[in-house]
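>>> compute the structure for the input listed below.
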Amino acid sequence: MLALVTDSTCGLTRNEAAELGVDVLPMGYVSGGVRHAEGFMGENGSYGRDVIVSTEAVRPSAFEAAFRRHLDAGDEVLCLTISARLSGTFRSAEQAAEALGDARVTLLDSWGTAGALEFLVRRARALANAGSSVAQIVDELSALRASTRIVFSVPDMVALSRSGRLGAIRRAVATKLNRYPVMTLSEGAIVKLDDGRGARGMAEALVSRAPEGASELLVSHFGERGVEAREVLLAARRAFPEAHIRVKDGGPVLAKHLGIGAVALSWA
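Prediction:
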């Protein structure tokens, strides 16, 4: 049997994780002087009301414990994590795998997070259920991650600037004159694509990036669900009337680095 392990930025709810048979290891964040473990989506309270001071990658010891439990049960393990260019979580998984030294543990950097990571996890489980080998699953997921599977916008560039993850992107406040920056992840790194004027223009710019025929779309909001998420949902419904569209909270860890009010669109 193939055991799947991922981190809490995948956005799975407790029930979804149970249905997929996925171990979701929590990232950490500090708020109000207290360290919190990021829970399943929908179980993190009203985190947008508090200042999140810092976040923490999943620790190597957590990965090692999860891997060992499945190996002892006779399972193979496939671990999919948030992009290594956004977090130290993938490196933690590498350290755990190195410590165990067991060839039955396979790691894959998703190059994404949020809905993009969730869709890869779901695809991995579907392939495993269909009888694919770990090598075959990794080959397919490696091809899938190479295509753009998530686009996002932020209320301003302050949080991203502080996170140090912008690279060469100009660190100006991007919503000046009511403009929202539209960005994506390319091989796990943040790349700016466009600007949208106003929440509706931003939503249309996000949705225009989804490929024709996309059958599943996921809108992620960070903090309380606001007008930006509503506009993205409406634009997605107009552009993809036959698609299955879901809306989810993106969680406190990503909200810390994107900013409260950020919104993302992922597809499969």
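>>> use CA for all of it now, contacts and neighbours both
Noted.
>>> list the contacts for the closest residue in space to G226 that isn't next to it in sequence?
Excluding its sequence neighbours, the residue lying closest to G226 (Cα to Cα, 6 or more residues apart in numbering) is G261, at 7.0 Å. Contacts of G261 were listed using Cα atoms under 8 Å, 6 or more residues apart in numbering, and they are V154, P155, H221, F222, G223, E224, R225, G226, E228.
>>> please tell me how far the fourth one sits from H257.
What it means is F222. Distance of F222 to H257, computed by Cα to Cα, to the nearest Å: 10 Å.
>>> again, but for the fifth one
Here the distance between G223 and H257 works out to 12 Å (Cα to Cα).
>>> show me where the stretch 151-268 of the chain has helices.
For the stretch 151-268 of the chain, helices defined by DSSP state H, counting those that start in this stretch occupy the ranges 158-163, 198-208, 227-239, 252-258.
>>> give me the mean pLDDT for stretch 211-227.
Averaged across stretch 211-227, the pLDDT comes to 94.
>>> do stretch 115-132 as well
Averaging the model's pLDDT scores along stretch 115-132 yields 97.
>>> now do the buried residues in that stretch.
115-125, 127-128 (16 or more other Cα atoms under 10 Å).
>>> same thing with stretch 193-212?
Buried-residue list, stretch 193-212, by 16+ other Cα under 10 Å: 195-197, 199-207, 209-210.
>>> hmm, which two among the residues you listed are most spread apart?
Pairwise distances across these (Cα to Cα) peak at 18.7 Å, for the pair R197 and A210.
>>> S8: how many residues sit nearby?
30 (other Cα atoms under 10 Å).
>>> what pLDDT does it get?
For S8, the model assigns a pLDDT of 98.
>>> V34 now?
The model reports V34 with a pLDDT of 88.
>>> could you give the bridge partners of it?
According to DSSP bridges, the partner residues bridging V34 are S31.
>>> can you tell me how far it sits from E212?
V34 is 45 Å from E212, by Cα to Cα.
>>> go on, I150?
Using Cα to Cα, I150 is found at 15 Å from E212.
>>> go on, S186?
S186 is 20 Å from E212, where distance means Cα to Cα.
>>> next one: A99
In terms of Cα to Cα, A99 sits 44 Å off from E212.
>>> also M183?
Distance of M183 to E212, computed by Cα to Cα: 19 Å.
>>> and for L141?
20 Å.
>>> kindly report the same for N178.
From N178 across to E212, the span is 28 Å (Cα to Cα).
>>> same deal with L78?
Counting by Cα to Cα - L78 and E212 are separated by 30 Å.
>>> measure how buried V154 is and give me the count.
Residue neighbour count, defined by other Cα under 10 Å, stands at 26 for V154.
>>> looking at it now. What's its pLDDT?
V154 is assigned a pLDDT of 90 by the prediction.
>>> give the contact list for the closest residue to it other than its chain neighbours.
Once flanking residues are discounted, V154 sits nearest to A262: 4.2 Å by Cα to Cα, 6+ apart. By Cα under 8 Å, 6+ apart, the contact set of A262 is F152, S153, V154, P155, H221, F222, G223, E228, A255.
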